[in-house]
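Asks: below are the sequence and a predicted model; questions follow.
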Amino acid sequence: MHTKKNALIFGGSSGIGLATVEALHACDVAITIADVKEPLHALGNHVQYVACDVCVPTEIEEAVAAATADAPLDWLVYSAGIQRYGSVVTTPLEEYDLVQKINTRGAFLACKSAIPAMVRGGSIVLVSSVQAIACQAGVAAYAASKGALESLMRAMAIDHAEDGIRINSVLPGTVDTPMVRSSVERFRGDTPSEHLLEQWGSNHPVGRVARPGEIANVITFLLREESSFLTGASYRVDGGLLAQLPVRL
């Protein structure tokens with residue numbers, strides 16, 4: 001009998017994905033991490049790792065097969081993603097294509113493979129970004145990928161509501177993840193890394209960047225039965241970032 005919840009986390013080895021794995025592990029969930037790299041530390045019982053490059057469709061299929069070898073899938077989280085900088089003029093086509101492959105096409109393929117293996121009452125959460133709604137300069141490829149991800153989420157939510165599968169997204173602001181730390185190093189110049197991260201945090205009304213676990217808490221809520229009437233919706237977890245006007249009196 002299928003009693004323990006079964007979850008598959010793409011991009012679960014670091015950042016928001018890893019924080020989600022840790023949150024679900026505390027709830028006694030069977031978890032499969034699908035990522036190009038292994039987690040940096042052991043996560044205990046009922047957690048397995050599958051090497052997966054989301055640019056390769058067969059590797060996504062193999063990850064789903066591994067996750068559902070002993071039980072159907074209850075929960076899917078797509079947290080794989082990369083950030084690249086540039087306008088449409090300065091972004092090389094191959095770099096644009098790579099961003100779309102990982103951030104959007106990978107989510108499409110993960111859901112395409114996983115949904116037929118999910119139980120009725122299953123739930124999917126896609127990790128998007130506030131930049132799907134409003135963006136800074138120089139993020140054309142990334143913003144396009146996250147905007148597409150939001151539309152994909154809504155379309156899938158409508159298509160699979162009759163299957164009893166709910167699909168939502170979270171849109172984080174700035175989060176202290178390896179991806180953001182990499183961006184800090186790119187732009188900090190002579191500014192100490194922690195100082196620049198604090199400056200970016202000050203753009204949020206709460207006055208700081210988010211911790212990965214704070215995003216994972218919302219993801220976990222959207223997976224669980226407590227959110228059973230929620231589907232097709234985007235949840236900003238941005239410390240008030242998009243609620244403010246850039247006007248100072």
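Replies: Perfect, I can see it now.

Asks: excluding its own residues, what touches the helix or strand containing Ile33? List them.
Replies: Take DSSP states H and E as the rule and Ile33 turns out to sit in strand 30-35. For strand 30-35, the external contacting residues (Cβ atoms under 8 Å, 6 or more residues apart in numbering) are 4-14, 17, 21, 24-25, 39, 43, 46-52, 54, 60, 63, 66-67, 70-71, 80. For every residue, glycine as well, the C-beta is placed using N, CA and C.

Asks: of the residues you listed, which belong to helices?
Replies: 17, 21, 24-25, 60, 63, 66-67 (DSSP state H).

Asks: need the CA coordinates for stretch 80-96. PDB is fine.
Replies: Written as PDB, here are the backbone C-alpha positions of stretch 80-96 (Å, rounded to 0.1, in the frame of the first residue of the first chain):
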ATOM      1  CA  ALA A  80      16.800  23.500 -12.000                       C
ATOM      2  CA  GLY A  81      17.800  26.800 -13.500                       C
ATOM      3  CA  ILE A  82      20.600  29.000 -14.600                       C
ATOM      4  CA  GLN A  83      21.000  32.800 -14.900                       C
ATOM      5  CA  ARG A  84      22.800  34.600 -17.800                       C
ATOM      6  CA  TYR A  85      23.200  38.300 -18.400                       C
ATOM      7  CA  GLY A  86      22.800  40.400 -21.500                       C
ATOM      8  CA  SER A  87      20.300  42.100 -23.800                       C
ATOM      9  CA  VAL A  88      18.900  40.500 -26.900                       C
ATOM     10  CA  VAL A  89      21.800  42.200 -28.800                       C
ATOM     11  CA  THR A  90      24.600  41.000 -26.600                       C
ATOM     12  CA  THR A  91      23.300  37.600 -25.600                       C
ATOM     13  CA  PRO A  92      24.800  34.900 -27.900                       C
ATOM     14  CA  LEU A  93      22.200  32.600 -29.500                       C
ATOM     15  CA  GLU A  94      23.700  29.500 -28.000                       C
ATOM     16  CA  GLU A  95      23.600  31.000 -24.500                       C
ATOM     17  CA  TYR A  96      19.900  32.000 -25.000                       C
END
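
Asks: what about Asn103, how many neighbours?
Replies: A count of neighbours around Asn103, defined by other Cβ atoms under 10 Å, yields 27.
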